[in-house]
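# Give me the fold of what follows.
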Amino acid sequence: MPLVRIRSLKLGVETETWFDGPYDSRYIVNAGDLLIGMDGEFGCFEWKGPPSLLNQRVCRLQDFTGELIPRFLLYGINDYLKEIEAATGFATVKHLSSKQVLGIEFPVPPLQEQHRIVAILDAAFDGIATAKANAEQNLQNARALFESQLQKVFTERGAGWVETTLGAEIDLLVGFAFKSANYSASEGDIPLLRGDNIVQGNLRWDDVRRWSKYDTAAYDRYWLRENDVVLAMDRPWVKAGLKHSLITADDLPCLLVQRTASLRCKSNLVSRFLLYLVRNNAFIQHILGVQTGIGVPHISGQQIKDFAFARPPTAQQEQIAASLDKLSEETQRLESLYQQKLAALEELKKSLLHQAFSGQL
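The predicted structure is shown next:
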């Protein structure tokens, strides 16, 4: 069988360099053109929109040999790119070079066989797309159900709820400015909790900084305790959500670094109730309304303490936290199942492409 081989390609340009126009016709993309994204989620796709400018790090395929139909070429290129990904670790690198694109080649069967393969792949991929859309919608529904219940808890106040502020109910501690020049690389030293370690409801210790365990006497007040709620004070809210977490025994010992805050409950507040309180929309809107700074939005300890809310009796706080814990666990279980399904569907796509271009379909 003859081989498909890409003889040349046209790389895009930075659009900022073309604002005076008119655009060079070589960089215009038309419907039906085959494009490859060379960064991020790379892959070959057919352009279906109006004439547009070919942007930087996207290439248009040109001058390919072989008698073939465009969708067969598209599927074949994506199979080839998946092989590159598997061999070179593109899952982390996410970068494709012009040399790799120009090295694309694979056998081309007769036109009748191409049509058969394309028909099978089109039908299969349509079914996979529908299944993915359903799984993603179910995933969103599971998250929305939890968020709805969370907001409901803090808007439907009951008997015995007391109007108060966080400042009246917690001891707030802002971390110390440990000198980065004195950070330790020793595994046996004390982890430092920075804003970068705090994500949405969890801590990540994969990029931890440490402090010598022999130099902690001056920092006694910065030791974190189990059940402390911690917040990032620089860029406290990002698209993924509020950067907050609860300290567990597994996180200890650790010391609190500047621009992070520890919220330690007094006798009338339950830690897990506080965790859900800061996660609810009222607190997030409060933070977004008072944060300052453009490049790196930040909040102060006083702004955290100023948040006003209604506090239920401690027994009811325990009940609310337990109910939300149970719902959260179920939501996480469903999320895990849906994520597994999405991953399995992606693997199925790869498998079908491989079978199609290795003569097994």
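# Pull up the gap between residue 167 and residue 304, please.
As judged by CB to CB, to the nearest Å, residue 167 and residue 304 stand 8 Å apart. For glycine as for every other residue, the C-beta is placed from the backbone atoms N, C-alpha and C.
# Those two: who's more crowded?
residue 304 (24 against 15; other CB atoms under 10 Å).
# The more buried one is in contact with residue 260, isn't it?
No - using CB atoms under 8 Å, residue 304 is not in contact with residue 260, being 11.3 Å away.
# Now do the shared contacts for those two.
In terms of CB atoms under 8 Å, 6 or more residues apart in numbering, residue 304 and residue 260 are both contacted by the residues residue 231.
# Check this structure for its longest helix and report it.
helix 111-155 (DSSP state H).
# What is that one packed up against?
In this structure, helix 111-155 packs against helix 70-88, helix 271-279, helix 314-356, with contacts taken as 3 or more CB pairs under 8 Å, 6 or more residues apart in numbering; DSSP states H and E.
# switch to 6 Å and redo it
helix 70-88, helix 314-356 (3 or more CB pairs under 6 Å, 6 or more residues apart in numbering; DSSP states H and E).
# Show me the shaky parts of the stretch 1-150 of the chain.
The stretch 1-150 of the chain contains residues with pLDDT under 70 at 1-24, 40-42, 65-66, 86-94.
# Got the domain ranges for this structure?
3-108, 110-161+315-361, 162-311 (automatic domain parsing).
# and the second one, how far out from the chain's middle?
When you say that, I think you mean domain 110-161+315-361. The chain centre lies 15 Å from the centre of domain 110-161+315-361; the measure is CA atoms, centre = their mean, to the nearest Å.
# Regarding it, how distant is the last residue from the first?
15 Å (CA to CA, to the nearest Å).
# Now tabulate the helices and strands packed on helix 111-155 in TSV and tack on distance to residue 287 and mean neighbour count.
Converted to TSV, the helices and strands packed on helix 111-155 look like this (distance: least, CB to CB, whole Å; neighbours: other CB atoms under 10 Å):
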stretch	distance to residue 287	mean neighbour count
helix 70-88	39	18
helix 314-356	20	15
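# Same list (those) but as TSV, adding distance to residue 269.
Formatted as TSV, these follow (distance: least, CB to CB, whole Å):
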stretch	distance to residue 269
helix 70-88	49
helix 314-356	7
